[in-house]
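Visitor: how does the following fold in three dimensions:
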Amino acid sequence: MQSSPVVLSTPSPLQSTPPQPKFFSPPVQRFPNYQKNNNHNIYNATQFRPHTPAQQGVEFDGKRLRKAVVRKTIDYNAASVRQLELRVWQRDRRDHRAIQPDSAYYTQMVPPPFFVHNPINAVTTKFVRTSTNKMRCPIFCVAWTPEGRRLVTGASSGEFTLWNGLTFNFETILQAHDSPVRCMVWSHTDQWMVTGDHAGFVKYWQSNMNNVKMFQAHKEPLRGIRWANKQTKSS
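Guide: Next up is the predicted model:
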């Protein structure tokens with residue numbers, strides 16, 4: 001039995017081959033490298049930008065940002081304006097409206113001097129804030145400024161400390177006396193403040209804390225100062 005011959009043929013160069021589909025491999029996605037140092041993973045950011053030039057080092061000036069502190073603010077201006085509105089038509093306590101212990105009556109509150117017939121409204125029952133000076137020392141006298149915006153304290157170091165009356169934070173400090181400040185009082189016209197210290201010296205101050213006069217009134221420590229009714233002398 002004879003086998004059929006096998007003929008091998010090669011395609012001629014003129015014969016065109018059908019186009020083959022082209023497959024593109026997806027780009028290789030690089031992932032950041034993590035290095036272990038002291039059991040912590042440190043991210044190497046240069047793996048994403050190998051061709052970018054090295055950035056210059058940022059200079060550190062030694063100042064750090066402080067964390068924002070929310071301070072409690074006590075604004076009594078709304079209560080004062082409310083009192084001015086009510087005194088136009090209210091004759092006396094017969095026209096006063098009762099205030100209930102509820103948050104809805106906060107807008108109806110007025111300053112304690114408006115309730116002369118009911119002194120219990122002037123009793124403080126809630127603690128607000130504690131403020132500490134830079135240098136801890138005893139405070140012998142306290143006085144509000146005439147406009148009621150700030151609080152002046154006299155310390156045993158002879159310094160005046162000015163505090164904000166709404167947020168109770170420190171504003172400024174002034175070396176007023178060489179000995180502990182014992183007493184301070186504002187005049188009836190709210191233009192002058194007189195202070196006395198432990199050495200018997202008396203100083204006159206303007207409303208901007210400018211010292212205008214000083215003299216030694218006593219050889220013993222001063223415990224109190226009071227303005228005369230004529231507002232021209234103090235005792």
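
Visitor: would you mind measuring from residue 185 to residue 125?
Guide: Separation of residue 185 from residue 125 (C-beta to C-beta, to the nearest Å): 28 Å. For every residue, glycine as well, the C-beta is placed using N, CA and C.

Visitor: so these two - more neighbours on which side?
Guide: residue 185 (16 against 4; other C-beta atoms under 10 Å).

Visitor: in what helix or strand does the closest residue to that one other than its chain neighbours lie?
Guide: The shortest distance from residue 185 to any non-neighbouring residue, by C-beta to C-beta, 6 or more residues apart in numbering, is to residue 225 (5.1 Å). Here residue 225, judged by DSSP states H and E, is contained in no helix and no strand.

Visitor: could you count how many residues lie near residue 225?
Guide: Neighbours of residue 225 using other C-beta under 10 Å come to 18.

Visitor: could you report the pLDDT at it?
Guide: In this model, residue 225 is scored at 87, pLDDT.

Visitor: ok, now the one 3 residues further on?
Guide: Here the pLDDT value assigned to residue 228 is 80.

Visitor: repeat that for the one 5 residues further on.
Guide: According to the per-residue confidence, residue 233 scores 60 in pLDDT.

Visitor: residue 185 now?
Guide: 92.

Visitor: so which helix or strand takes in the residue nearest to residue 213 when sequence neighbours are not counted?
Guide: Excluding the flanking residues, the one nearest residue 213 by C-beta to C-beta, 6+ apart is residue 204, at 4.4 Å. Using DSSP H and E, residue 204 sits within strand 201-206.

Visitor: beta partners of residue 164?
Guide: On the basis of DSSP bridges, residue 164 is bridged to residue 150.

Visitor: who's in contact with it?
Guide: 149-151, 170-171 (C-beta atoms under 8 Å, 6 or more residues apart in numbering).

Visitor: how far away is the residue nearest to residue 213 from residue 193?
Guide: 8 Å.

Visitor: quickly check the contacts of residue 164 for the two that are furthest apart.
Guide: Farthest-apart pair in those is 149 and 170; separation 14.6 Å (C-beta to C-beta).

Visitor: ok, back up a step: how far away is the residue nearest to residue 213 from residue 178?
Guide: Relative to residue 178, and taking C-beta to C-beta, residue 204 is found at 16 Å.

Visitor: of these two, who's got more company?
Guide: Set residue 204 next to residue 178 and count neighbours by other C-beta under 10 Å: residue 204 wins out with 16 against 11.

Visitor: contacts only, for the more buried one.
Guide: 192-194, 211-214.

Visitor: ok, of the residues you listed, which come out buried?
Guide: If you count burial by 16 or more other C-beta atoms under 10 Å, the buried members of these come out as 192-194.

Visitor: just the ones of those residues in strands?
Guide: 192-194 (DSSP state E).

Visitor: closest one of those residues to residue 78?
Guide: residue 193 (28.2 Å).

Visitor: in space, what's closest to the closest one - neighbours in sequence excluded?
Guide: residue 205 (4.4 Å).

Visitor: wait, isn't the one you found in contact with residue 187?
Guide: No. Under the criterion of C-beta atoms under 8 Å, residue 205 makes no contact with residue 187, lying 10.3 Å away.

Visitor: joint contacts of those two?
Guide: Shared contacts of residue 205 and residue 187, counting by C-beta under 8 Å, 6+ apart, come down to 193-194.

Visitor: the two: which is more packed in?
Guide: residue 205 (21 against 17).

Visitor: list the contacts for that one?
Guide: By C-beta under 8 Å, 6+ apart, the neighbours of residue 205 are 176, 192-195, 211-212.

Visitor: I'd like to know how far the residue nearest to residue 213 sits from residue 214.
Guide: 8 Å.
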